[in-house]
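Chemist: Generate coordinates for the sequence data below:
(one chain, ligands or ions: 2)
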Amino acid sequence: MVYAMVRPIEPLLPHNSGYNIRNLERLCQESGRDVHSLCQIHVVGEVLAIRERFWDAEQQCFWLRLRDEGDFGEQWLRKDGTSLGLGTILEALPSKRPSAMLQQTHRRALREVRSVRTALDHARGKEGKGLTTPWQPWHEVPRLSLADAQLGAQVNCGINGEEWARALGWLKIAPGDDDGPLIQQLLSEGVLVVEHAFPPDFAEQFLEEVSELDNGWNLHPAPQLTPGQRGDRIVWIDEDLAAVRYGARCVASGIASLKALAHVLNPAVSRLHRACAAAGDPLHVLLPKDPASEDAVLTVSPKAQLASYSHGGGYICHQDNRFRPSHGTRLNSRELTAILYANPTDWDLQGDGGALRIYLGSEQLESAPPPEHPNMEVKPTVGTLVVFFSRLWHEVLPSERLRRALTLWILRPEEEDSWIPTAF
Ligand SMILES: O=C(O)CCC(=O)C(=O)O
Ligand SMILES: [Fe+2]
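Modeler: Ligands and ions are numbered 1, 2, ... in the order given. Below is the predicted model:
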């Protein structure tokens, strides 16, 4: 199933105005419209083709005509780089391998999308300096270096070098720190929790921005593979969208900090993989595609997921990735799951629920472990950073209170036959 979003508000918004709630309210007042009428989400089935596109010089955007399988027939979507993200259109396909025909159509649609993005960048004179260029095949995705990440952050949201260094400091992990106790803990236990990773004033602002973003109808129900799998609403977001579209600079900094983690963890994780590969572990075979990958096996997905749970919603016990011995491959390229929470500090796990429960040493299990399996519970309060290997089983316990989380998947893409970008 592919989701497309149509936002009638779109033509109303001046270029680069944010979608934050104040902006929307102001625009609604000015145009005499009800704020609830402005955002719609259509589930439109599989995108079969992008039939037509044109560059609208007046509005400086592309318009795409999509044909899909849903009842909505054909519809126009607007793409202008800062507004409606194409990632939203082609975001979710079932993770079990769809038919060859669907794979092919999806590939074709992706090629179209990429050509639009390239043309768009070209039209704007941009040099494509993002952290990763999403239209490249995974094995060509450049490895993240701190310099790239700094550049990306500056290009994307104007974070300067000083702020960047501070962001890394917040996470209490410094470059060159790969033998430090926190990283050792991650490698040996598979999980790392850092409490108070943010200074309090930043935490307060982060919390406020995330709640404004959520209250502005920017999140939509997460795609589910099975009914009842997860109860959250989500939006995929990068630094650029956060800072420019939503006016959420602390969220942008949060995403940039999570991306910096990949860089910082690279040497240690790379050593871990080499050691496991040397011991004959098939999961850790490193393909010799990129000699520089000796010290860099990790990169990041361009977008992070902002999720909001409410009304007792949770996420059943699952793995974000798994190794398929029968295929000798991993299901996707996710290696580490890194989360920053955005919930008040008076959170009470007993009364409010919403713990992230991670089952330790569970990555090889074929099915979800029983609750008595050794586990740890993380309280989702603002300032808490949790990083864990994506193959560990974990769940979000039902949350009686609004529960928000910003998640970035850190990737190890080199052996990926992935034809489905999970986010781009
Ligand atoms: O929000 C959390 O604590 C974890 C969410 C999660 O497991 C996921 O989105 O895959
Ligand atoms: Fe997960």
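
Chemist: Correct me if wrong, but Met280 is in a strand.
Modeler: One thing to correct before we go on: residue 280 is Gly, not Met. No - under DSSP: H, G, I helix; E, B strand; the rest coil, Gly280 sits outside any strand and is assigned coil.

Chemist: what pLDDT does it get?
Modeler: Reading off the confidence values, Gly280 has pLDDT 83.

Chemist: quick one, phi/psi of it?
Modeler: phi 90, psi 10 (degrees, to the nearest 10).

Chemist: residue contacts, it?
Modeler: By Cβ atoms under 8 Å, 6 or more residues apart in numbering, the contact set of Gly280 is empty. In short, each C-beta sits where N, CA and C put it, glycine included.

Chemist: Burial check on Val194, number of neighbours?
Modeler: 18 (other Cβ atoms under 10 Å).

Chemist: what's the distance between the nearest residue to it once chain neighbours are set aside and Gln350?
Modeler: In this structure, Val194 finds its nearest non-sequential neighbour in Leu385, 4.4 Å apart by Cβ to Cβ, 6 or more residues apart in numbering. Relative to Gln350, Leu385 is positioned 23 Å away (Cβ to Cβ, to the nearest Å).

Chemist: Counting neighbours, go ahead and name the busier of the two.
Modeler: More neighbours surround Leu385 than the other of Leu385 and Gln350, with 24 against 6 (other Cβ under 10 Å).

Chemist: which residues does that one bridge with?
Modeler: Val194, Leu340 (DSSP bridges).

Chemist: and what of Phe323?
Modeler: Beta-bridge partners recorded for Phe323 (DSSP bridges): Arg330.

Chemist: got the contact list for it?
Modeler: Neighbour list for Phe323: Leu283, Thr329, Arg330, Leu331, Glu363, Gln364, Arg391 [criterion: Cβ under 8 Å, 6+ apart].

Chemist: Give me the three-state assignment for Leu272.
Modeler: helix.

Chemist: so it sits right up against Ser188, yeah?
Modeler: No - Leu272 lies out of contact with Ser188 (Cβ atoms under 8 Å); the separation is 9.9 Å.

Chemist: Identify the residue nearest Leu360 in space, chain neighbours excluded?
Modeler: Nearest to Leu360 is Pro374, by Cβ to Cβ, 6+ apart, at 4.8 Å.

Chemist: That neighbour contacts Leu392, correct?
Modeler: No - in this structure, Pro374 is not within contact of Leu392 by Cβ under 8 Å, at 11.4 Å.

Chemist: between those two, which one's more packed in?
Modeler: Legend: neighbour count by other Cβ under 10 Å for Pro374 and Leu392, higher for Leu392 (22 against 10).
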